[in-house]
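Undergrad: build me a structure from this.
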Amino acid sequence: MSLRLKIILALVLLSAFSTMAIGLTTYVATSAQLKASIDDSLDQEAKLDRTIDPDHDHDQQPEPDDGYGRKGDFGVSKQVIASDGTVVSSSIQPPLPVSDQDILVATSAVDDVQFRHDAIVDELPYRVLTVSNGGPNGGARMFARSLQESNELLEDLRNRTALAVVAVTVVAALVGWLIARQVTRRLLRLTAVAEEVASTGSLDVEVPVDGHDEAGRLGVAFNEMLGALARSKEAQQRLVQDAGHELRTPLTSLRTNVTVLQRYQSLRPEDRDRLITDLDTETHELTTLVNELVDLATDRRSDEPDQEVALGPLIERVAERARRRTARDIEVAVDDSVVIGRPQALERAITNLVDNAAKFSADTGGSIEISLVEGRLEVSDRGPGISPDDLPRVFDRFYRALDARSRPGSGLGLAIVNDVVEAHGGTVIAAPREGGGATVGFVLPVHAE
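TA: Here you go, the predicted model:
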């Protein structure tokens, strides 16, 4: 069943049941009110009769009926019966039927014992009140009022309710169709776009969006999702293309060295040693490049849960590890800045910054300085620095300055730093250092405890 049909059926059923419930409630209340009114008129007639005829003159001739059994001010007919149920007198013809319960009331010695019931006289419905005379002779008076008018009124009410249910159902179906058409029209367009994307794989599809309701917001979100997927696909394609370009260089070098290695026996010992050293270096760089490509492509750091991270101890640990590995002098000055983030990802970003500084200042020497002040991390070195032309692109993937291409590296270290920092809501910084060298780092929002 389609959504449009479900909406129409829901509105039709809701409207029909509501109208029927209102009609049924009105019918029951009206029926009870009419019956109470008739019973009240019978009670009033019984009291009036008691006042006018205290001796219960049974020899009085009945007055003629008007066809509905109406007589007197209350439209009530009267019938007198003896204790054995014999009809003594009656203002309604044919007389009211006398039941066993009526006889039981007529034989009662207690005055004003009552019994109410419905009866059929000449195919006409009546409401009957039987009241005992009491005394040693017994007998009873039966007061009856026609239910014909009440039944006709209730029948008319039933017919009107049925017509109202039919009319409301038709109107609800029409309104439901209009609402369902308006709602599902945009959903159908979204479905068509989704099917087109699934069948063609093309993400440059624009969904026309109108309205500010849930369907409109869904259209906006769908457009944003397609845009994000398109950007992600473009980034993946660019990453694959750049990675293929970068992988060609070490693979070409490895293939060349393997070709030379085939003539291993004819090489001089010093050439053999240099060839093995080159193979080891190129293999190591290729492994590093592949690992960093996997990190960028899969973003494995996002699996780590966010938590409070004190940057100071993290920086000290990275600096101590770098001192042991490079035997360089690394000065650290940090405060107690705490951020919300992923410890392993932040440690990888800081490690890349320190390794980058150690690599570019290896020839000039000098200490590496690390400072942290209110979430601003700066790693400074005394290397060749960064030219103004290279500053805008130092954090791009695979970008390497002309004077840095002879150095080992994949060109992905600072790109990984940029990805980590952006994921934590921060910004990266890079600038020439006064007196020579460069300062590279990032700024993260500090967590207020």
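Undergrad: may I have the secondary structure class of Thr19?
TA: Under DSSP: H, G, I helix; E, B strand; the rest coil, Thr19 falls in the helix class.
Undergrad: what of Ala333?
TA: Ala333 is classified as strand under three-state DSSP.
Undergrad: pLDDT score for it?
TA: Looking at Ala333, its pLDDT is 94.
Undergrad: any regions of the stretch 51-200 of the chain where pLDDT drops low?
TA: Counting by pLDDT under 70, the stretch 51-200 of the chain has low-confidence residues at 53-74.
Undergrad: could you chop this structure up by domain?
TA: 3-154, 214-297, 299-443 (automatic domain parsing).
Undergrad: need the ones you listed in TSV (columns: distance to Arg186).
TA: To be clear about C-beta, it is placed using only N, CA and C from the backbone, and glycine gets the same treatment. What follows is the domains of the chain, written out as TSV (distance: least, CB to CB, whole Å):
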stretch	distance to Arg186
domain 3-154	12
domain 214-297	5
domain 299-443	33
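Undergrad: mean pLDDT for these: which is lowest?
TA: Looking at those, the weakest mean confidence is domain 214-297, a mean of 74.
Undergrad: show me what contacts the spatially most central residue of the chain?
TA: Nearest to the mean C-alpha position of the chain, by CA atoms, centre = their mean, lies Glu214 at 10.2 Å. Counting by CB atoms under 8 Å, 6 or more residues apart in numbering, Glu214 touches no other residue.
Undergrad: Gln307 and Val417, how far apart?
TA: As judged by CB to CB, to the nearest Å, Gln307 and Val417 stand 20 Å apart.
Undergrad: next: Arg342.
TA: Counting by CB to CB - Arg342 and Val417 are separated by 14 Å.
Undergrad: who has more neighbours out of these two?
TA: Val417 (26 against 19; other CB atoms under 10 Å).
Undergrad: contacts only, for the more buried one.
TA: Contacts of Val417 by CB under 8 Å, 6+ apart are 349, 352-353, 395, 428, 442.
Undergrad: so after the helix or strand harbouring it, what's the next helix or strand?
TA: Per DSSP states H and E: Val417 is located in helix 413-423. Per DSSP H and E, helix 413-423 leads on to strand 427-432 as the next helix or strand towards the C-terminus.
Undergrad: tell me the gap between that following strand and the middle of its chain.
TA: Taking CA atoms, centre = their mean, to the nearest Å, one finds the center of strand 427-432 at 42 Å from the center of the full chain.
Undergrad: please enumerate the strands of this structure.
TA: Along the chain, counting by DSSP state E, strands occupy 77-81, 87-90, 114-121, 124-132, 140-146, 307-310, 330-334, 338-341, 368-373, 376-381, 427-432, 438-443.
Undergrad: of all those strands, which lies closest to Ala198?
TA: Closest approach to Ala198 among the strands of the chain (CB to CB): strand 338-341, 36.4 Å.
Undergrad: that closest one packs against which elements?
TA: strand 307-310 (3 or more CB pairs under 8 Å, 6 or more residues apart in numbering; DSSP states H and E).
Undergrad: residues making contact with the strand it packs on?
TA: With CB under 8 Å, 6+ apart as the criterion, strand 307-310 contacts 336-343, 346, 447.
Undergrad: any buried residues in that strand, and which?
TA: Val309 (16 or more other CB atoms under 10 Å).
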